[in-house]
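1. pasting the structure only:
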Ligand SMILES: O=C(O)CCC(=O)C(=O)O
Ligand SMILES: [Fe+2]
């Protein structure tokens with residue numbers, strides 16, 4: 001096997017995949033999105049409308065142009081505004097823990113919840129949430145918790161027009177519905193990153209779109 005055949009964190013991705021699959025598979029609230037190409041689930045009413053409102057106001061406080069943070073991390077363009085919440089805030093910790101429990105994840109594998117806001121014309125072009133391990137940034141991320149495993153993303157409000165989450169390889173478009181949590185495995189069951197999880201936040205045409213995202217690693221995030 002040559003060096004390039006090695007998939008970093010493959011065993012850990014498989015292990016985390018097994019844990020979450022078993023957990024969500026046994027949860028009647030988790031709806032399996034019908035596709036063979038990726039493991040995706042939706043959970044309705046995961047957040048209450050009061051929680052959605054509070055999170056939107058918190059996003060207004062932390063949101064800054066995303067490209068300042070993410071230029072090196074995504075090969076697409078992200079024109080939305082985003083920011084990380086304070087991981088010590090008890091309200092944020094409570095939401096984080098609920099997502100950890102839902103998935104069966106260890107809290108230390110999760111990154112701090114990030115909030116994101118899209119105004120009309122803003123978008124997140126097609127990208128994978130997993131890291132490209134042949135890129136320079138991987139040297140850092142490898143030490144900061146390793147490869148991303150699952151993504152949990154919640155919609156906080158309805159959007160008048162546009163702003164769907166589009167899985168470009170699977171061919172599904174998910175329209176924002178407040179309180180719905182979308183969860184997917186960025187890896188295949190065998191632990192290789194899944195290219196079919198490529199997705200986009202399509203441009204908002206009318207209204208404003210607010211989401212929160214929590215990305216999980218394979219090891220302790222720091
Ligand atoms: O806003 C969306 O629909 C997608 C967001 C996203 O891809 C992410 O936060 O990683
Ligand atoms: Fe994403």
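-> Received the coordinates, thanks. Source: prediction; values computed, not measured. Numbers count the residues shown, from 1 in each chain. Ligands and ions are numbered 1, 2, ... in the order given.
2. Mind checking the pLDDT average for stretch 115-134?
-> On average, the pLDDT along stretch 115-134 is 94.
3. measure it end to end?
-> 28 Å (C-alpha to C-alpha, to the nearest Å).
4. So which bits of this structure are right by ligand 1?
-> 116, 124, 129, 153, 165, 199, 201, 211, 213 (C-beta under 6 Å from any ligand atom). Quick note: C-beta positions are derived from backbone N, CA and C, even for glycine.
5. go again using 8 Å as the cut-off
-> Contact residues (C-beta under 8 Å from any ligand atom) of the chain with ligand 1: 80, 82, 114, 116, 118, 124, 127, 129, 151, 153, 155, 163-166, 174, 176, 199-202, 209, 211, 213, 215.
6. right, and residue 82 touches residue 112 too?
-> No: applying C-beta atoms under 8 Å, one finds residue 82 not in contact with residue 112, separated by 11.8 Å.
7. Tell me which of these two has more neighbours.
-> residue 82 (24 against 16; other C-beta atoms under 10 Å).
8. Could you pull up the contacting residues of that one?
-> 62, 63, 64, 66, 69, 70, 114, 115, 116, 117 (C-beta atoms under 8 Å, 6 or more residues apart in numbering).
9. Just the buried subset of those residues, please.
-> The neighbour-count test (16 or more other C-beta atoms under 10 Å) marks 62, 63, 66, 70, 114, 115, 116, 117 as buried among the contacts of residue 82.
10. so the fifth one sits right up against residue 210, yeah?
-> Think residue 114. No: counting by C-beta under 8 Å, residue 114 does not reach residue 210; the two are 11.7 Å apart.
11. So for the protein, the centremost residue is which one?
-> By C-alpha atoms, centre = their mean, the chain has its centre lying nearest to residue 151, at 3.4 Å.
12. ok, the residue of the chain found nearest ligand 1 - how many residues close by?
-> Scanning the chain for the residue nearest ligand 1 gives residue 201, at 2.9 Å (criterion: C-beta to the nearest ligand atom). Residues near residue 201, counting by other C-beta under 10 Å, number 26.
13. All the helices of the protein, in order from the start?
-> Ranges of helices within the chain are 10-25, 49-62, 67-70, 90-103, 138-143, based on DSSP state H.
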